[in-house]
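**Q** Fold the following, please.
(one chain, ligands or ions: 2)
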Amino acid sequence: NDTSMQHRNLNHMTREERFSEAMRRTLYALKVLLPREGWTPVGPEMKYLARAIKEFTFIIHAGVFIPCIMSYGTNEQIAKWFPLAADFRIIGTYAQTELGHGSFLRGLETIATYDRANQEFIINCPKITAMKWWPGDMGKSANHVLLMAELVIDGKKYGMHGFMVQIRDLTTHEPLPGVTVGDIGAKLSFESVDNGFLYLQNVRIPRENLLSKLSEVHPDGTYIKKGNQRLMYGSMVRVRVNLIAHEIVMPLAKACTIAVRYSAVRRQGLINPSKEEVPVLDYVAQQHKLLPQVATVFMAHFAAKQLVKMHHDYSLEVEKGNTSQLPELHALSAGMKACLSEQGAAGAEIVRRACGGHGYSCGSGLPFIVNRMLATCTYEGENTVMQLQCARYLIKCADQAKKDKLTGSVWYLSDFSNMSCTAQTFGDLQEPSVLVKLHERRAKCAVQHAGKKMQNMVKNGTPAHDAWNMMATLLINAARAHIMQYVVGTSVTYISELSCSASLKKILTQLCALYALHNINSNCGDFVKFGCLTSAQCDLAQEAEFNLLKQLRPDAVGIVDSFDFTDDILQSCLGAYDGNVYERLFEWAKQAPMNKTEVHQDSYQYLQPYLHEGRDVLEGRGRNSKL
Ligand SMILES: CCCCCCCCCC/C=C\C/C=C/C(=O)SCCNC(=O)CCNC(=O)[C@H](O)C(C)(C)COP(=O)(O)OP(=O)(O)OC[C@H]1O[C@@H](n2cnc3c(N)ncnc32)[C@H](O)[C@@H]1OP(=O)(O)O
Ligand SMILES: Cc1cc2nc3c(=O)[nH]c(=O)nc-3n(C[C@H](O)[C@H](O)[C@H](O)COP(=O)(O)OP(=O)(O)OC[C@H]3O[C@@H](n4cnc5c(N)ncnc54)[C@H](O)[C@@H]3O)c2cc1C
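**A** Numbering: from 1, shown residues only. Ligands and ions are numbered 1, 2, ... in the order given. Okay, here's the model as predicted:
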């Protein structure tokens, strides 16, 4: 109810207005509104905030830069920089991606050369492709960066390390000497974020600015490794784990709320010619578009909770020096981020399109969501690259499964029990345990299939790296299959252990079955090819899905209402709680800047001569048409 937090209509603002407004609102919320325990904003307001604010600033400052200080800094460095960053007295970003490289980190070109005489690092972008490009909050906001650069001592390269680099003056906010920095320009989304470019030329920083939890450089230039160097990639794992809830589950839930509510209001066409026009939600085709996406919200939410717990447990172990869980966590987080962002972004577009013409209007609130979700397929690890990382781990585990009993998320690779499906009715295929087994079997076969193909190629003389490249599509499919069995399996377990009313558990179980069956029916080629289902059972799987659509239709609006988004959060003429779609659309359009005058003078000047000629002809004064 705080008017300072109410959204102005984003679609009627310029990019610079949105950038400025997001910064005002973010600082107001985080520094004025929210109670805090040290850095952490606490209380129910924080949860509301994560749902409420459509456009944050300082996402990277808060979500990446500060956690990196904690992950890569020594206690002294944390004591120095954390309080400043936590209180926004320095604004930072995570500057890793370059103009020439984003996925292949070993190809990064920015270098930090140790100057022993002055005990400093000299930072350089040796050529244009080395310029940092994309980091959020970097173009106009940040005055510091956590710069990921190649450490060089006496001509020897030591790989990517993290350096704290000040880029703007703390009084004037002007770029410091040797720093060229700015905004990279208009993007598909994230209009309020100043993703930036950063060109560094002979910028000197003290030796103490190398974040030294995992390695350090002594004054004489001696390099000391202090831990598992893979932890240098830890920031990316943490963001991948956390972004699923924030940037995939939440936006998809908003999109589904809008589309389902609108579909319950929008009447278009007839089912029974003798009856009145129906709400489009009564069309099974519409249910088939919307309800599996609603189910995805819940299943992705449950799986993400499990992954967050796994990351938390791993973090506690790392504090004790045990990094043994890192390979599995990296593979799972990379795969989950890639597969759920792929599903989420596609799902948001499916439900947008299901709203017809008004779904194409920014007044629906849907284009904002769709465009923003598209970015999740690219940032924090481009999806293909992440799926291949996941597949790399699965192939290794499949080899190990031949001699060891595996545990964790890959346990099923060493399960050699009979997994044939005995389903005789579509009801059998709605059973959670049957659906879990089907997904495990499909994943196991997909991993083994990809591995076998590569082994055969290598046996026939193909170099391993070429076999890997040529089988990439199979490997990506194996990664997707692995994640799907993880999502279905964790969701079934989560729901079974949930203490809630029987009616709620029934709905959640139906949604879980719908999610699993929709995945089976969308990938039935795999399920038949790997002998998981017969062709007749595939028919039953389709019947099972259609039956669930029918069962869930009466509760569809109630289910999305349970996400509890206010109208101010949704900012949607189609998804407002009162369902007054047409009045809201008309009111919204009238507020558009284009309508602030009845005649648009700038364009009228071009039209005027022709209109006056037309007027004269119609009033009998003018010459006949030139044509
Ligand atoms: C307040 C809450 C906030 C919540 C968050 C909300 C976020 C909101 C939205 C934010 C918006 C934008 C943020 C975006 C930020 C960015 O995009 S930051 C930049 C992200 N960039 C990347 O992800 C780069 C991807 N590339 C890589 O990670 C590596 O290049 C790649 C892994 C692809 C290859 O690594 P290499 O070392 O070259 O080679 P490889 O041989 O494949 O791997 C070697 C070895 O290392 C293991 N490995 C790789 N990565 C990791 C890792 N991250 N952790 C652990 N281990 C890793 C790999 O498995 C291999 O192991 P093996 O045993 O030899 O098999
Ligand atoms: C909105 C947004 C915010 C961002 N914020 C930040 C930030 O704050 N900090 C930061 O450092 N970066 C940030 N980034 C950059 C982001 O991390 C990179 O864009 C991302 O890692 C992808 O790398 P790339 O752009 O080099 O794509 P590329 O890797 O060049 O991708 C191009 C194509 O090559 C393919 N490809 C690449 N490598 C392989 C491979 N090994 N095998 C098969 N195919 C391959 C990809 O699949 C893709 O199809 C942001 C990006 C966006 C869009």
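
**Q** C-alpha from now on. contacts and neighbour counts both.
**A** Will do.

**Q** Can you classify Val379 as helix, strand or coil?
**A** Actually, residue 379 is Tyr rather than Val. The three-state assignment at Tyr379 reads coil, by DSSP: H, G, I helix; E, B strand; the rest coil.

**Q** Over to Pro135?
**A** Relying on three-state DSSP, one would call Pro135 coil.

**Q** I'd assumed Val193 was in contact with it.
**A** No: checked against C-alpha atoms under 8 Å, the pair Pro135 and Val193 is beyond contact range at 9.6 Å.

**Q** Compare the two (neighbour count), which wins?
**A** Taking other C-alpha atoms under 10 Å, Pro135 and Val193 do not tie; Val193 has more neighbours (30 against 25).

**Q** any idea how far Phe368 is from Gly356?
**A** According to C-alpha to C-alpha, to the nearest Å, Gly356 stands 16 Å off from Phe368.

**Q** So these two - more neighbours on which side?
**A** Phe368 (22 against 10).

**Q** Just the element for that one, please.
**A** Under the criterion of DSSP states H and E, Phe368 resides in helix 366-375.

**Q** How far off centre is that helix?
**A** With C-alpha atoms, centre = their mean, to the nearest Å as the basis, helix 366-375 stands 10 Å off its chain's centre.

**Q** likewise stretch 124-132?
**A** The chain centre lies 28 Å from the centre of stretch 124-132; the measure is C-alpha atoms, centre = their mean.

**Q** didn't Cys397 look like it was pressed against Trp411?
**A** No: the criterion here is C-alpha under 8 Å, and Cys397 misses it with Trp411 at 9.2 Å.

**Q** neighbour count winner among those two?
**A** With neighbours defined as other C-alpha under 10 Å, Cys397 and Trp411 compare such that Cys397 has more, 19 against 15.

**Q** hey, where'd the helices end up in the stretch 301-450 of the chain?
**A** 326-353, 366-375, 383-401, 432-459 (DSSP state H, counting those that start in this stretch).

**Q** Repeat that for the stretch 101-250 of the chain.
**A** Secondary structure of the stretch 101-250 of the chain (DSSP H, counting those that start in this stretch): helices located at 234-243, 250-265.

**Q** mean pLDDT for those helices: which is lowest?
**A** Among those, helix 234-243 has the lowest mean pLDDT, at a mean of 92.

**Q** do that helix and ligand 2 meet?
**A** No: judged by C-alpha under 6 Å from any ligand atom, helix 234-243 and ligand 2 are separated, with a smallest distance of 9.3 Å.

**Q** Any buried residues in that helix, and which?
**A** 234-243 (16 or more other C-alpha atoms under 10 Å).

**Q** what's the answer for stretch 164-181, then?
**A** So, applying 16+ other C-alpha under 10 Å, buried residues of stretch 164-181: 164-168, 175-176, 179-181.

**Q** can I get the residues you listed in TSV with pLDDT and distance to Cys500?
**A** Converted to TSV, the buried residues of stretch 164-181 look like this (pLDDT from 0 to 100; distance: C-alpha to C-alpha, whole Å):
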residue	pLDDT	distance to Cys500
Met164	98	48
Val165	98	51
Gln166	98	51
Ile167	98	52
Arg168	98	53
Pro175	98	56
Leu176	98	58
Val179	98	57
Thr180	98	56
Val181	98	53
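
**Q** Redo these as JSON lines? Include distance to Gly525.
**A** Formatted as JSON lines, the buried residues of stretch 164-181 follow (distance: C-alpha to C-alpha, whole Å):
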{"residue": "Met164", "distance to Gly525": "51"}
{"residue": "Val165", "distance to Gly525": "52"}
{"residue": "Gln166", "distance to Gly525": "54"}
{"residue": "Ile167", "distance to Gly525": "53"}
{"residue": "Arg168", "distance to Gly525": "56"}
{"residue": "Pro175", "distance to Gly525": "56"}
{"residue": "Leu176", "distance to Gly525": "58"}
{"residue": "Val179", "distance to Gly525": "54"}
{"residue": "Thr180", "distance to Gly525": "53"}
{"residue": "Val181", "distance to Gly525": "50"}
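
**Q** Also near ligand 1: which of those, exactly?
**A** Of the buried residues of stretch 164-181, not one also sits near ligand 1 (C-alpha under 6 Å from any ligand atom).

**Q** want to throw those into TSV with distance to ligand 2?
**A** Output for the buried residues of stretch 164-181, formatted as TSV (distance: C-alpha to the nearest ligand atom, whole Å):
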residue	distance to ligand 2
Met164	14
Val165	15
Gln166	16
Ile167	16
Arg168	18
Pro175	19
Leu176	21
Val179	17
Thr180	17
Val181	14
